[in-house]
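Engineer: Next one to model:
(one chain, ligands or ions: 1)
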Amino acid sequence: MPNSRLPPFDESPPRPEAPRSVYRAHGYIGQSGRVVRPLPAFAADAEALIALYRWILLCRHFDTRAVALQRTGQLGTYAAATGQEAVPVGVAHAMIDADVLIPTYREAIAQVMRGARFDDILRYWGGDERGADYAATPARHDFPPAVPIASQVPHAAGVAFALKHGHRNGAAVCFIGDGGTSKGDFHEGINLAGAWQLPLVVVIVNNQWAISVPRRAQTAAETLAHKALAAGIQGVQVDGNDVVAVREVLDHALRAARTSHAPCVIEALTYRLCDHTTADDASRYRSDAELREARKHDPVARLRTHLQHQGLLDASAERALEADCEATITHAVDAYLATPSRSTASIFEHLYAELPAELVRQQARLAETDHGP
Ligand SMILES: Cc1ncc(C[n+]2csc(CCOP(=O)(O)OP(=O)(O)O)c2C)c(N)n1
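Structural biologist: Okay, here's the model as predicted:
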């Protein structure tokens, strides 16, 4: 018996013709810091460019301090973004409040740009759940970092579904690493976005390494953006060390997602200049020569050189900016270190609205044996 409640196939929503190839987005600021193509309108504004530079610089300062805190036993572990800062900064800069950010463990700066605080991020990595409880919007309606690899992509498709069917003018923006695109969850999430035409933008941060596994050993796909084609959605490659290009590509993708629910996969080409996390030693699997070569593409140096060439950043302005970043991060570190620790029992507080029986048992057992911090 056919199920009369299911619509006949020809009533499914019309879909745009599926893309047949990926496209490579234009670059704007070349490796030498010179403009290689007229800048898009937003970047013609000197203040906007300086603001982007400040975020990129803040990210680098924060990472340096967070790693130092871990090395001195004051932070659990940490995943720095050194070398790939232009991706999260360009992405978050293009987002509007109605969008929803679904980050991994390496996009702290994007979270901060959306209202999380640096001291929240430190609390999170220090093992304190309060570090994922952001007070300010839009960070408050965003997701906390996903540590399981790729599980966030189906979640993001669900967010995009809710945005579309709740008639909200926003898109879901999901980050994933190059290694994460080998996982089934990635394909499942983008497949759903294509089938249901969801306002989902997936940003693949291709930093070339999944811990010790290089991109070339990970997949035979020509580019990671090509993986979008199997889902019937557009794949785009962009120079992830050119913050203007990242910002511009995201702006287009987000507008299309918000206005016509067109999903998109964007592969941002960049490089992780640091260890995978503070628990890693990248020199065990990566050559010095490769690292030296990658340093020539450093996004911080590229934007700084560009600003200097344009006469937008002289030595004293740069010193002031560096001092400002250092003071901001010091303030956050002080707030983190001054946070009173919580009782061990608090580990039960943020998991469930109602604790399952087994956890109730464990909680009672802890109460019998725990004699305070
Ligand atoms: C489901 C799952 N499997 C394995 C791991 C262990 N793990 C942590 S990071 C990582 C590699 C991730 O590489 P990539 O996706 O390229 O992201 P990157 O860390 O380079 O930003 C792995 C396998 C995990 N966190 N989750």
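
Engineer: Isn't L75 up against L69?
Structural biologist: Yes - between L75 and L69 there is a contact under C-beta atoms under 8 Å: 4.0 Å. Placement of C-beta: from N, CA and C, glycine included.

Engineer: is stretch 86-97 anywhere near the ligand?
Structural biologist: No - judged by C-beta under 6 Å from any ligand atom, stretch 86-97 stays clear of the ligand, getting no closer than 10.2 Å.

Engineer: Could you give me the buried positions within that stretch?
Structural biologist: A86, V87, P88, V89, G90, V91, A92, H93, A94, M95 (16 or more other C-beta atoms under 10 Å).

Engineer: joint contacts of L75 and L69?
Structural biologist: Common contacts of L75 and L69 (C-beta atoms under 8 Å, 6 or more residues apart in numbering): L122.

Engineer: Among the buried residues of stretch 86-97, which are located in strands?
Structural biologist: Judged by DSSP state E, the buried residues of stretch 86-97 include no members of strands.

Engineer: Would you mind telling me which of L75 and L69 has more residues around it?
Structural biologist: The residue with more neighbours, out of L75 and L69 and counting by other C-beta atoms under 10 Å, is L75; that gives 23 against 20.

Engineer: Report the rounded mean pLDDT for stretch 290-302.
Structural biologist: The average pLDDT within stretch 290-302 is 97.

Engineer: contact partners of it?
Structural biologist: For stretch 290-302, contacts defined as C-beta under 8 Å, 6+ apart pick out 29, 31, 33, 56-57, 60, 83-86, 240-243, 270-271, 273.

Engineer: Same check on stretch 178-186?
Structural biologist: 104, 149-154, 176, 202, 204-211, 213, 215, 218-219, 224, 227.

Engineer: go again using 6 Å as the cut-off
Structural biologist: I149, A150, S151, V153, P154, I204, N206, A210, R215, Q218, L224, K227 (C-beta atoms under 6 Å, 6 or more residues apart in numbering).

Engineer: Just give me the neighbour total for the residue lying closest to the third one once chain neighbours are set aside.
Structural biologist: If I follow you right, that is S151. Nearest residue to S151 in three dimensions, chain neighbours excluded: D185, at 5.4 Å (C-beta to C-beta, 6 or more residues apart in numbering). Close neighbours of D185, defined as other C-beta under 10 Å, add up to 20.

Engineer: For whatever residue of the chain ends up closest to the ligand, grab the count of nearby residues.
Structural biologist: Closest contact between the chain and the ligand, by C-beta to the nearest ligand atom, is at G177 (2.1 Å). G177 is flanked by 26 other residues according to other C-beta under 10 Å.

Engineer: oh, and call the first residue 3 from now on, that's how I've got it
Structural biologist: In the new count, where the first residue is 3, that last one comes out as G179.

Engineer: Next, the contact list for it, please.
Structural biologist: Counted by C-beta under 6 Å, 6+ apart, G179 has contacts V207.

Engineer: what about 10 Å?
Structural biologist: Counting by C-beta atoms under 10 Å, 6 or more residues apart in numbering, G179 touches 86, 106-108, 151-152, 188, 206-213, 220, 226, 274, 278.

Engineer: Narrow the residues you listed to those that are buried.
Structural biologist: With neighbours counted using 16+ other C-beta under 10 Å, the contacts of G179 contain these buried positions: 86, 106-108, 151-152, 188, 206-212, 220, 226, 274, 278.
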